[in-house]
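Student: Build the 3D model from these lines:
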Amino acid sequence: MTKEREPLVTHIFTADPSAHVFDGKIYIYPSHDIAHDGEDNDNGDEYQMRDYHILSMDDIGADCIDHGMALSKDDVPWVSDQMWAPDCVCKNGRYYLFFPARDKEGNFRLGIASSTKPEGPFNPEPDYIPGSYSIDPAVLLDDDGKVYVYYGGLWGGQLEKYRTGTFDPNGKEPAKDEPAVGPMCAVMNEDMKTFATEPIHLRILDENGDPIKAGDEERRYFEGPWMNKIGDKYYFSYSTGTTHYLVYAVGDNPMGPFTYRGRIMEPVIGWTTHHSIINFKDKWYLFYHDAEYSGGINHRRCVKYTELHFDDKGDIITIHPYDHKK
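Tutor: Numbering: from 1, shown residues only. Take a look at the predicted model:
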């Protein structure tokens, strides 16, 4: 049985979990860390993922099943390396896996692969989504049937290098007193292969309605977007990167703007933090990863989950990931 705040699986290293409820079961779409002796750096070269394994649980606490390799970089003609954090959406009875990877020029792009089953295997499109770049796709199927994809990550994810609209290898983050670089968002076409709208930078605002500044590293966007629609509100959550928080902002529209509301989780063991949030049997759960099992090795992470709670105002109650061990 899988226990709360314990690794879902330990026979492989998994990270960046995108969890969904399909057909009454929980499916988790993680990245797959590979153990190696390479160096850690700000470019993310230590994260040498090459394939995806889809996990599932029949219920919270049930045994977690690894369905085996669902997609490999060798299956995708445009990919050269580093298949990072994926997500999946079900549209018209077909499952679409969104994934980032480096193209043959070394730039991150977003790809699509599809399947008739949530666990795959997935058949990739021969090329990446035209006009896509950076990492960490997260997908929302809204009530009106539109599919929104959110994406982007700084540093290794190259998001700041596209501030001019095209790739600049010398591109940098804005000055600390300037608005932070926002995550990207676009609507998908019905073919689920191309963007229907020009991608835009989402705006994340502070309590005064001003854009969060680049120097506000406890609240500014870094990577790992996720979107939940709760009632008529859109809860956009993400990682702050350098300060290692999971935080969230709330808006009235899936393309923002969003107003910062608070922290979801305090830092975990390991540099990165990346998550997803689901409702299952009328309870909310946070899926996340840490490097506790590997003794703190950044690129040897394990996916975990814990129950998520809201207060009477609809605010998320901050999780302290290791309090249960005190």
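Student: burial of residue 67, as a residue count?
Tutor: 15 (other CB atoms under 10 Å). All C-beta spots, glycine's among them, are computed from the backbone N, C-alpha and C.
Student: any idea how far residue 318 is from it?
Tutor: 33 Å (CB to CB, to the nearest Å).
Student: Point to the residue nearest the middle of the chain.
Tutor: When CA atoms, centre = their mean is applied to the chain, the residue found nearest the centroid is residue 224 (4.0 Å).
Student: So that one is in contact with residue 135, correct?
Tutor: No: at 9.1 Å, residue 224 does not count as touching residue 135 under the criterion of CB atoms under 8 Å.
Student: joint contacts of those two?
Tutor: Both residue 224 and residue 135 are contacted by 85, 153, under the criterion CB atoms under 8 Å, 6 or more residues apart in numbering.
Student: Find me the pLDDT at the residue nearest to the centre of the chain, would you?
Tutor: For residue 224, the pLDDT comes out at 98.
Student: Same check on residue 325?
Tutor: pLDDT, residue 325: 83.
Student: Then residue 53?
Tutor: On the pLDDT scale, residue 53 gets 98.
Student: What separation is there between it and residue 25?
Tutor: For residue 53 relative to residue 25 (CB to CB), the value is 16 Å.
Student: same question, residue 123
Tutor: Plainly put, residue 123 is 22 Å away from residue 25 if you go by CB to CB.
Student: isn't there a helix covering the residue nearest to the centre of the chain?
Tutor: No: counting by DSSP: H, G, I helix; E, B strand; the rest coil, one finds residue 224 to be strand, located in no helix.
Student: who's in contact with it?
Tutor: Neighbouring residues of residue 224 by CB under 8 Å, 6+ apart: 16, 85, 136, 153, 238-239, 246, 272-275.
Student: for residue 260, same thing?
Tutor: Here residue 260 is in contact with 204-207, 212, 219, 247-249 (CB under 8 Å, 6+ apart).
Student: Tell me which of these fall in strands.
Tutor: For these, the ones inside strands are 204-205, 247-249, with DSSP state E as the criterion.
Student: In these, which residue is surrounded by the most others?
Tutor: Using other CB under 10 Å as the neighbour test, the ones in strands among the contacts of residue 260 are led by residue 204, with 26 neighbours.
Student: pretty sure residue 280 is touching residue 21, no?
Tutor: Yes: between residue 280 and residue 21 there is a contact under CB under 8 Å: 5.5 Å.
Student: Comparing the two, which residue is more hemmed in?
Tutor: Higher neighbour count among residue 280 and residue 21: residue 280, with 18 against 14, using other CB under 10 Å.
Student: Could you check the pLDDT of that one?
Tutor: So residue 280 comes in at 98 (pLDDT).
Student: Tell me how many other residues crowd residue 43.
Tutor: Quick note: residue 43 (other CB under 10 Å) scores 12 neighbours.
Student: Settle this for me: residue 317 is touching residue 311, isn't it.
Tutor: Yes: the pair residue 317 / residue 311 is scored as a contact, 5.9 Å apart, by CB under 8 Å.
Student: Name the residue in the two with the higher neighbour count.
Tutor: Higher neighbour count among residue 317 and residue 311: residue 317, with 11 against 8, using other CB under 10 Å.
Student: More neighbours: residue 53 and residue 25, which one.
Tutor: A count of neighbours by other CB under 10 Å puts residue 53 above the other of residue 53 and residue 25, at 21 against 16.
Student: what are the phi and psi angles of the nearest residue to residue 188 once chain neighbours are set aside?
Tutor: Computed as CB to CB, 6 or more residues apart in numbering, the closest residue to residue 188 that is not its neighbour in sequence is residue 147, at 4.2 Å. Backbone torsions of residue 147, given as degrees, to the nearest 10, read phi -110, psi 120.
Student: I figured residue 147 hits residue 139, correct?
Tutor: Yes: taking contacts as CB under 8 Å, residue 147 lies within contact range of residue 139: 6.2 Å.
Student: tell me, what's touching those two both at once?
Tutor: Common neighbours of residue 147 and residue 139, using CB under 8 Å, 6+ apart, are residue 89.
Student: Pick out whichever of these two has more residues nearby.
Tutor: Neighbour count, other CB under 10 Å: between residue 147 and residue 139, residue 139 has more, with 24 against 19.
Student: How is the more buried one assigned, secondary-structure-wise?
Tutor: Secondary structure, three-state DSSP: residue 139 is strand.
Student: hey, what's it bridged with?
Tutor: Beta-bridge partners recorded for residue 139 (DSSP bridges): residue 149.
Student: Correct me if wrong: it contacts residue 88.
Tutor: Yes: counting by CB under 8 Å, residue 139 does reach residue 88; the two are 7.2 Å apart.
Student: hey, what's in contact with both of the two?
Tutor: 96, 98.
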